[in-house]
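Asker: turn this into a model:
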Amino acid sequence: MSLFAKFGQIIRQSINTYIVLNLVYYGLVIAGMVAVSHYPSLEQTLRNAVRANFNPQLMQAYADGLLLPAIWLTFANNFILASLVAITLPSLLIPFWGVLLGAGRALLWGLALSPSDPSYGIKIIPHSLTGLLEGQGYILAMLSAYLLWRNFFHPGQVDEPSPRRGYLLGLQQTGILYCGVFTILLVAAVYEALVSIYFLPTLV
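Answerer: Down below sits the predicted model:
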């Protein structure tokens, strides 16, 4: 069976969980945006906090219009730091950590990126696809964290004889799902860099 087929099989077997994670993730993004509409002072504070945590090299690459460095640094931030280091690695030891962290990240981004300023809202429209793509990458990482410990605590559901075997299966599924995380976040990084460097300046 090809890697693509294995990926599809995992999604089909976990379709209910995958749908729920999508609803939770994007629902929290929307909830954050709604909260900011009621408390506008939160927006600038959170946006400044988000920017303060950005890699200075990443911000400089965008400011200088350096496409390839912008793509690489965006991808490295989203795939290596936000997905692998923040969501998945702790989840190897802490049950369901990735699900909780992914949900918290969704709420934070909804709060920080709510387009309450009309001029900012116009500029953020092209980035809607970026948010959808990055969200899918994080949701797949969240799904892998869920399956890892679901298989451990309920090995019989995946026809495994022990929690250890269930955990090992979860690791295999994580590796397969991460092929999707890699691909989606790479596409998102390319799109975000192209839009930010070549399209958004035309709206100024």
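Asker: does G135 really touch R105, like I thought?
Answerer: No. In this structure G135 lies outside contact range of R105 using CB atoms under 8 Å: 9.5 Å. No exception for glycine: its C-beta is placed from N, CA and C like everyone else's.
Asker: what helix or strand does the nearest residue to G135 once chain neighbours are set aside sit in?
Answerer: Of all residues not flanking G135 in the chain, Y25 sits nearest, at 5.7 Å (CB to CB, 6 or more residues apart in numbering). If you go by DSSP states H and E, Y25 is part of helix 15-38.
Asker: give me the mean pLDDT for that helix.
Answerer: What helix 15-38 shows for mean pLDDT is 91.
Asker: distance from that helix to the middle of the chain?
Answerer: Put simply, helix 15-38 sits 12 Å off its chain's centre (CA atoms, centre = their mean, to the nearest Å).
Asker: over to stretch 170-178?
Answerer: Worked out by CA atoms, centre = their mean, stretch 170-178 lies 16 Å from the chain centre.
Asker: where does pLDDT dip in this protein?
Answerer: 40-54, 114-124, 203-204 (pLDDT under 70).
Asker: center of it, which residue is that?
Answerer: With distances taken as CA atoms, centre = their mean, Y138 lies nearest the centre of the chain, 2.6 Å away.
Asker: quick one: which helix or strand includes the closest residue to that one other than its chain neighbours?
Answerer: Distance criterion CB to CB, 6+ apart; nearest residue to Y138, sequence neighbours excluded, is G102 at 5.1 Å. Under the criterion DSSP H and E, the helix or strand holding G102 is helix 97-112.
Asker: quick check, the residue nearest to the centre of the chain in contact with G104.
Answerer: No. Using CB under 8 Å as the test, Y138 is too far from G104 to be in contact (11.0 Å).
Asker: one step back: buried set for the helix holding G102?
Answerer: For helix 97-112, the buried set under the neighbour-count rule, 16 or more other CB atoms under 10 Å, comprises 97-99, 101-103, 105-112.
Asker: want to try TSV for these, with distance to A5 as columns?
Answerer: Shown next, in TSV, are the buried residues of helix 97-112 (distance: CB to CB, whole Å):
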residue	distance to A5
W97	29
G98	25
V99	26
L101	30
G102	26
A103	30
R105	30
A106	29
L107	35
L108	35
W109	32
G110	35
L111	39
A112	38
